[in-house]
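Participant: Sequence first, predicted coordinates after that:
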There are 2 protein chains.
Amino acid sequence: MKEEKCDISGIWEILGKRWSLHILRNLSTNGIVRFNELKRLLPGISSTVLSERLIELEHEGLITKKIYSEIPIRVEYSLTMRTTELESILKQLSNWVDKWKYYEEKHKITTDSINR
Amino acid sequence: MKEEKCDISGIWEILGKRWSLHILRNLSTNGIVRFNELKRLLPGISSTVLSERLIELEHEGLITKKIYSEIPIRVEYSLTMRTTELESILKQLSNWVDKWKYYEEKHKITTDSINR
DNA sequence: CCGTATCCTAGCAGATACTG
DNA sequence: CAGTATCTGCTAGGATACGG
């Protein structure tokens, strides 16, 4: 267990970490998402790191974890109310990326290297 | 080597990398910045990685590199025109983080209650 | 001043096993 | 299902020193 993080004020550090942005973006897009669902949405992430990031994000108050004690158990993650503004920003970022990619497509000569 | 985009298309991959967001944010805030200046603005980053990121960002067309063959040499980095919209988004993100931190300060009474 | 080359540690994936 | 624990192996990244 490592609990030592003391430099930059949390958020920027977390946003800078791998997967964080993608997790938030997915939660923003899909609303309420379960653990394995999220894992499927993020190709390449491991359970370990996904778990870590979710804990960090929850600890910072960016996301909410809701546990349903059913069988099998169900856990749902979602953004908190305080991240409403962030959602809008992520949405804009997402749109910007799409637009950017669109121009890339048009201006790129042979982009077949990009698999799909 | 891995020039094929296995996962997400270009930009998202880069934005997800460590330091990228911070670099862009700083360029957005400060306009034209030199290498070592940027390094000073990003406590903890190494020359190696800063150099890598700058190359990636330039390659994707997000930033511009301008070299002045003086002695000593001078290199200036800045955002491109195409990132104007992104600037606005980064600005919002920055504001959001500041606001968030402000509330954190006020509400952070017993942070350690969660630690460990 | 602006980087790159080198070395070495931390982070992370992937597989597997186990718990609640 | 939703994790945690462990181990292997690889890659990202920090520190430093040197060359352009």
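Facilitator: The structure has been received and is ready for your questions. On a predicted model such as this, the values are computed, not experimentally measured, just so you know.

Participant: hey, let's count contacts and neighbours off CA atoms from now on
Facilitator: Fine.

Participant: Show me the shaky parts of chain A.
Facilitator: A:1-9, A:107-116 (pLDDT under 70).

Participant: Can you name the residues in contact with the longest helix along it?
Facilitator: What stands out as the longest helix in chain A, according to DSSP state H, is helix A:84-107. The contact list for helix A:84-107 (CA atoms under 8 Å, 6 or more residues apart in numbering or on different chains) reads A:25, A:28, A:111, B:9, B:11-12, B:85-86, B:89, B:92-93, B:96.

Participant: Can you tell me which of those residues are buried?
Facilitator: Taking 16 or more other CA atoms under 10 Å in any protein chain shown as the criterion, what is buried in those is A:25, A:28, B:9, B:11-12, B:86, B:89, B:92-93, B:96.

Participant: ok, those vs residue A:81, which is closest?
Facilitator: Using CA to CA, residue A:28 comes nearest to residue A:81 of these, at 11.5 Å.

Participant: That closest one and residue B:106: what is the separation?
Facilitator: 26 Å (CA to CA, to the nearest Å).

Participant: how much space between residue A:25 and DNA strand C?
Facilitator: Going from residue A:25 to DNA strand C by CA to the nearest atom of the strand, to the nearest Å gives 16 Å.

Participant: Now compare the contacts of helix A:84-107 and name the two farthest from each other.
Facilitator: Spanning the widest gap among these are A:111 and B:96, at 36.2 Å by CA to CA.

Participant: so what's the most centrally placed residue in chain A up against?
Facilitator: Centroid-nearest residue in chain A: residue A:23, 1.0 Å away (criterion: CA atoms, centre = their mean). The contact partners of residue A:23, by CA under 8 Å, 6+ apart, come to A:38, A:42.

Participant: And it, which helix or strand is it part of?
Facilitator: Secondary structure assignment for residue A:23, by DSSP states H and E: helix A:20-30.

Participant: who's in contact with the nearest residue to residue A:67 once chain neighbours are set aside?
Facilitator: Spatially, and ignoring its direct neighbours in sequence, residue A:67 is nearest to residue A:75 (4.5 Å; CA to CA, 6 or more residues apart in numbering or on different chains). By CA under 8 Å, 6+ apart, residue A:75 lies in contact with A:34-35, A:65-68.

Participant: now with 10 Å?
Facilitator: Applying CA atoms under 10 Å, 6 or more residues apart in numbering or on different chains to residue A:75 gives the contacts A:32-36, A:65-69.

Participant: Where does chain A get nearest to chain B, residue-wise?
Facilitator: residue A:16 (5.2 Å; CA to the nearest CA).

Participant: Surely that residue and residue B:18 touch.
Facilitator: Yes: Residue A:16 is in contact with residue B:18 according to CA atoms under 10 Å; the separation is 5.2 Å.
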